[in-house]
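Could you look at this predicted model? Sequence included:
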Amino acid sequence: MAGDGGLAIEARGVVRRFGPVEALRGLDITVPYGQVTALVGANGAGKTTLLLILATLLAPDAGTVRIAGHDALAQPVRAREALGWMPDTFGVYDQLTVDEYLAFFADAYGLSKQERPRRIRALLSLVHLEDRLGQPVHALSRGQKQRLGMARALVHRPRVLLLDEPASGLDPRSRIELRDLLRSLAADGVAVLVSSHILSELEEIADRVVLVDHGRTAGDHAMAEIAGAAARVRWRIRSLDLEPLAAALDREPGLAWKGAGDAAGGAEVGPLTEDEAAGLLARLVTAGVPVSGLAPAGSALESAYLAMTEDRR
Ligand SMILES: Nc1ncnc2c1ncn2[C@@H]1O[C@H](COP(=O)(O)OP(=O)(O)OP(=O)(O)O)[C@@H](O)[C@H]1O
């Protein structure tokens, strides 16, 4: 699918200032084809600024950006042909119907008149809006508009897809469908770069995580490394009787733990790997502690994110 055999996105030393604010301070990022890469970072870290620059909608003050092998600054039109873009705030032309809206973008991307109706029906079916054909865009709910935005981003079958907070307005079913759609696009060789604050969802969607911190890349990890069995995460232990649990945890050399609060009825321990947690569980049970549950506390990506950003606050 890559065609040019290279990277889908390659940005180096990207700088962007807004007056006195340095939103990006020499950021580097590479995104391969055939994978979902997640862009994660605190509010104001620079994710949207980066995505706008990659989408050729904002010029950097310094740095280089290549999209699908094209220099995005010198050849923005070539870059745009390869790109699909879904912004976080979704502007729609309210007077248009759903299919007129997609036809407008199909036209802008040069799809032939014969192909357009077929493509529009396929896209509406892909985002489960086929029953909205002929209806005005303004009558759609926020989540439906977001799904229409996704269809719009895919009109010209882009090889590189940029999504800024795509799941924010979606109901649980639509989120699962979005996850499946992004996975199947990646399986077809598309490079997907997605920013989101919903880390538990990214864990299931993404192959890689790029951490952005104060305008720079602060980490680039395979999801398997972060969320796999070898990853160190916090664990929640539930027990029918808290006193023996607390006493047994106190006897564990070097183990960090705290009470998980009355409602949770147990303790939070770690970070530990899956093996270490299994060993601890075996010792607790052997010691006669009435353990009723052991599970990761929050998602592994959340734990990793908190650990990675702890000393950056
Ligand atoms: N048009 C603008 N004018 C002035 N400052 C801006 C502009 N756009 C972004 N900034 C500033 O640049 C920094 C990075 O903003 P950006 O929107 O890229 O962050 P983000 O990581 O997407 O944040 P969030 O997670 O809150 O969406 C922030 O300090 C922000 O205030």
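Arrived safely, thanks for sending.

Tell me how many other residues surround the residue of the stretch 201-313 of the chain found nearest the ligand.
Proximity of the stretch 201-313 of the chain to the ligand (C-beta to the nearest ligand atom) peaks at Val212, 6.5 Å away. C-betas here are computed from N, CA, C, even on glycine. For Val212, the neighbour count with other C-beta atoms under 10 Å is 22.

do Arg12 as well
If you count neighbours by other C-beta under 10 Å, Arg12 ends up with 14.

can you check the one 5 residues further on too?
Applying other C-beta under 10 Å, we find 15 residues neighbouring Arg17.

The one 10 residues further on now?
As a burial measure, Leu27 scores 27 neighbours (other C-beta under 10 Å).

and the residue of the stretch 201-313 of the chain closest to the ligand, what element?
strand 208-213 (DSSP states H and E).

Can you tell me which helices and strands the longest helix belonging to the chain packs against?
Criterion DSSP state H: the longest helix present in the chain is helix 172-187. Identification of packing neighbours for helix 172-187 by 3 or more C-beta pairs under 8 Å, 6 or more residues apart in numbering; DSSP states H and E yields strand 36-40, helix 142-154, strand 160-164, strand 191-195, helix 199-205.

again, only this time at 7 Å
Contact partners of helix 172-187 among helices and strands, from 3 or more C-beta pairs under 7 Å, 6 or more residues apart in numbering; DSSP states H and E: strand 36-40, strand 191-195, helix 199-205.

What are the buried residues along that helix?
The neighbour-count check on helix 172-187 (16 or more other C-beta atoms under 10 Å) flags Ser174, Arg175, Glu177, Leu178, Arg179, Leu181, Leu182, Arg183, Leu185, Ala186 as buried.

Disregarding residues adjacent in the polypeptide, which is nearest to the fifth one?
Across the structure, with C-beta to C-beta, 6 or more residues apart in numbering as the measure, the residue nearest Arg179 apart from its sequence neighbours is Ile205 (5.0 Å).

Where does pLDDT dip in the stretch 51-200 of the chain?
Where the stretch 51-200 of the chain drops to pLDDT under 70, the residues are 90-92.

Outline the domain layout of the chain.
Following the assignment in automatic domain parsing, the chain carries domains at 9-227, 233-312.

Quick check: which of the ones you listed is buried the most?
domain 9-227 (a mean of 18; mean count of other C-beta atoms under 10 Å).

sorry, back to before: what lies in contact with the longest helix of the chain?
The contact list for helix 172-187 (C-beta atoms under 7 Å, 6 or more residues apart in numbering) reads 34-36, 126, 128, 143, 147, 161, 166-167, 170, 192, 194, 201, 204-205.

Next, give me the two most distant ones among those residues.
Farthest apart among the contacts of helix 172-187 by C-beta to C-beta are Gly34 and Gly143. That separation is 28.0 Å.

still on that earlier bit, next up, the contacts around the residue of the stretch 201-313 of the chain closest to the ligand.
If you count contacts by C-beta under 7 Å, 6+ apart, Val212 has them with Leu39, Gly41, Ala45, Gly46, Lys47, Leu50, Ala218.

Same list (those) but as JSON lines, adding pLDDT.
JSON lines is the format used below for these (pLDDT from 0 to 100):
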{"residue": "Leu39", "pLDDT": "95"}
{"residue": "Gly41", "pLDDT": "91"}
{"residue": "Ala45", "pLDDT": "93"}
{"residue": "Gly46", "pLDDT": "95"}
{"residue": "Lys47", "pLDDT": "95"}
{"residue": "Leu50", "pLDDT": "97"}
{"residue": "Ala218", "pLDDT": "89"}
